[in-house]
Structure formats: C-alpha cells, structure tokens
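Trainee: here is a sequence together with a model predicted from it:
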2 protein chains.
Amino acid sequence: MDPRLDIIFARRSIRAYSTEPVSEDDIQSLLQAGMAAPSASNRQPWHFVVITDRQQLRALADVHPYGKMIADAGLGIAVCGDPQASDMWVQDCSAATENILIAVAGLGLGGVWLGCHGRPERERAVRQVLGIPERFGVLSLLSIGHPGEEKPPRTQYDPSRVHRQAW
Amino acid sequence: MDPRLDIIFARRSIRAYSTEPVSEDDIQSLLQAGMAAPSASNRQPWHFVVITDRQQLRALADVHPYGKMIADAGLGIAVCGDPQASDMWVQDCSAATENILIAVAGLGLGGVWLGCHGRPERERAVRQVLGIPERFGVLSLLSIGHPGEEKPPRTQYDPSRVHRQAW
C-alpha cells in the first residue's frame, strides 16, 4: 500500500460511533469533498441534505433496513441527484458519495454508505423523512461520526479481476 | 481546504500527458485503490481491463467520442461491472472509478473519466475493442498518464446545494 494513498485504504465501513458531535468545520470539509467529485460534462447534478438533529437521525434509522446505526451517528448526509440536470446522475452522485467517505477517513471520522437508489422502498422512505421533492433521486444515505470501532486499512486486491490489454 | 484531504481536491480532469510510461508499481497501486472501494453487501462486482499497448490505446481513442487523449496516455483502465454479481454494480463501479482517480492524483499522475455506461454506443464500441463479454457492463474508461498540463486544486463548493435537517 503506497503511503500516499493512505486515506483511500483507511476508508472502511464504520457503524459504531462515540457520542462526540461532528464539528461544523468537518461538515464543511465533507461537503467540499463531495462537490469536488467529477461529473459528466461537469453538470454537478447533486444536492446534499445534512442531518444533525437527533430526531431526524432516529427517524432515518427507523425507515432504512440497514440503517439502525444512524440513530447514534453525529451526522447524516443524504446524497441526492437531479435527473433533469443529468442522466448520468447515478454515476456522479456515487463519485460524490465516495469522495465524502474518503474525506471521512481523512478527517479521522468513520462512516458507512447506506444504499437507497435501486431499492425503491428505501428511496421513498428516506425521501419522505427528509422532504426531498419527487423529481430528485436519493442515491445514498451516509451515517457518519467519531469512530466507536477500529478497522485496519485494506486493499481487497484480487488479481483475478485484472485483465491485460484485453479481457 | 483541509490539508488532510489534499488528494481529493487535487483530482482534476487531466487530458494531456508526457511520454513517460506509468510504472508497474503505480498500476498496482491504482488497482488496489479501485478494489478498496465499498460495494453493496461487499459483492465487489468489478473487473478492470488494464491497457498499456499503444495500438489498443489508439483503437480506444478512435471509438470514444471524447477519448482522443487516450491515444497519448501511458495507461488506460476500463472499469467493468457484473450485473449478475450485483444490481448495484453502477454505483459500486463508480466508487471504484473515483477511488482510482483520487489515487491518480495521490501518485502525482493525471487522468480523466470517460463515461461509457448510459451511452450504449460507447459501451458497445469499448466492449468490442477490448473483447469484454456481453454480460458485463462497461462503466467507464480511464485515461491516465504523467500530467502534461497543470490544474489547481478546487472544491466547487456551492452552498445552494446544501439543505439542513430536511430539504
């Protein structure tokens, strides 16, 4: 693992958090990281709903089947996309989501990607809790906090997935 | 911009390259970064076609409408997904693509994301050049090399895209 890429390998799915809140500075950095992602024709078809309100976080935990941990998270971010701005919004919002998660690791925080788009019932439920207009897609919900568990960096490298010059 | 997130903000779309080849060590690091991405239920539905052969790179440049620069790139990587492994392959392969592009910046290289999936004619053409089996999707083609142009880091932060507690 090249040490220049530490924050990429340090990103792990962290589902347990301490009670320490996420600072406003860190929230700003995470949003900057998300918006620094590339997008098709640079259309930036993304929106971010930032949730620190405990009741809202609990409501999200109640409706997402894999989202229990967000009830105890310092921060939730719903990454939404505008299909009218770009038909590549799923790719673009996935890149923005991944940028935020790498930034989470870079800041010493922990977080996990809860998939929404592709599972209509989850997308609908998160949209309802957060009042997201019908025309926007909900790509992901991120549960973020100061880590309450530790996981080592890893590459998951598998040579069988690599093809040279052609398949 | 928090300096701990430098490689995220340093990632820019770099379309001009020097003639210096990309080292095998760097290629390995980029593939490690790609496979370190999160995926739904950790299914890792990705495959990577690594291209350094000049004739193959030229053939790709000929068929991708925005891919002229890959003819002069030291390295091409096609990120492919297996829909039979996961119906979330588009999100997962987008995260893997973004991981590679952040790693490109981290290693002092430059690169650009050429979208394929969502544009059937591009996906078909790249599949044909690289001999990618019909059942796999082609999410993206990455053009990578030692940078021949410089772009400053940036956040693209736009406060109008941020919503608090609810939309």
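Mentor: That came in fine, so what should we check first?

Trainee: for chain A, just list every one of the strands.
Mentor: For chain A, the strands defined by DSSP state E cover A:46-51, A:75-81, A:110-115, A:137-145, A:162-164.

Trainee: which other helices and strands does the third one contact?
Mentor: Applying 3 or more Cβ pairs under 8 Å, 6 or more residues apart in numbering or on different chains; DSSP states H and E, one finds that strand A:110-115 makes contact with helix A:89-106, strand A:137-145. Just so you know, the C-beta spots here come from the backbone N, C-alpha and C atoms, and that holds for glycine as well.

Trainee: which residue is the nearest non-sequential neighbour of whatever residue of chain A ends up closest to chain B?
Mentor: Nearest to chain B in chain A, going by Cβ to the nearest Cβ, is A:Ser94, at a distance of 3.5 Å. Nearest residue to A:Ser94 in three dimensions, chain neighbours excluded: B:Ser94, at 3.5 Å (Cβ to Cβ, 6 or more residues apart in numbering or on different chains).

Trainee: in CSV: the strands of chain A, plus mean pLDDT and mean neighbour count.
Mentor: Converted to CSV, those look like this (pLDDT from 0 to 100; neighbours: other Cβ atoms under 10 Å in any protein chain shown):
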stretch, mean pLDDT, mean neighbour count
strand A:46-51, 98, 24
strand A:75-81, 98, 27
strand A:110-115, 98, 26
strand A:137-145, 98, 26
strand A:162-164, 98, 15
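
Trainee: quick one: closest of those to A:Glu123.
Mentor: Counting by Cβ to Cβ, A:Glu123 lies closest to strand A:137-145 out of the strands of chain A; the figure is 4.7 Å.

Trainee: name the strands paired with the closest one and say parallel or antiparallel.
Mentor: strand A:75-81 (antiparallel), strand A:110-115 (antiparallel) (DSSP bridges).

Trainee: so who does the residue of chain A closest to chain B touch?
Mentor: Counting by Cβ atoms under 8 Å, 6 or more residues apart in numbering or on different chains, A:Ser94 touches A:Leu139, A:Ser140, B:Val90, B:Gln91, B:Asp92, B:Ser94, B:Ala95, B:Glu98.

Trainee: I figured A:Ala71 was touching A:Ala59, is that so?
Mentor: No: in this structure, A:Ala71 is not within contact of A:Ala59 by Cβ atoms under 8 Å, at 9.0 Å.

Trainee: could you check which of the two has the larger neighbour count?
Mentor: More crowded of A:Ala71 and A:Ala59, by other Cβ atoms under 10 Å in any protein chain shown: A:Ala59, with 19 against 15.

Trainee: residue contacts, the spatially closest residue to that one that is not a sequence neighbour?
Mentor: Leaving aside its sequence neighbours, A:Ala59 sits nearest to A:Val129 (Cβ to Cβ, 6+ apart; 4.8 Å). Each residue near A:Val129 by Cβ under 8 Å, 6+ apart is listed here: A:Gln56, A:Ala59, A:Leu60, A:Val63, B:Ala166.

Trainee: re the thing from before, just the closest of the contacts of A:Ser94 to A:Asp82, please.
Mentor: Closest to A:Asp82, out of all of the contacts of A:Ser94 and judged by Cβ to Cβ, is A:Leu139, at 10.9 Å.

Trainee: any idea how far A:Trp113 is from that closest one?
Mentor: From A:Leu139 across to A:Trp113, the span is 9 Å (Cβ to Cβ, to the nearest Å).

Trainee: which residues do these two both contact?
Mentor: Common contacts of A:Leu139 and A:Trp113 (Cβ under 8 Å, 6+ apart): A:Thr97.
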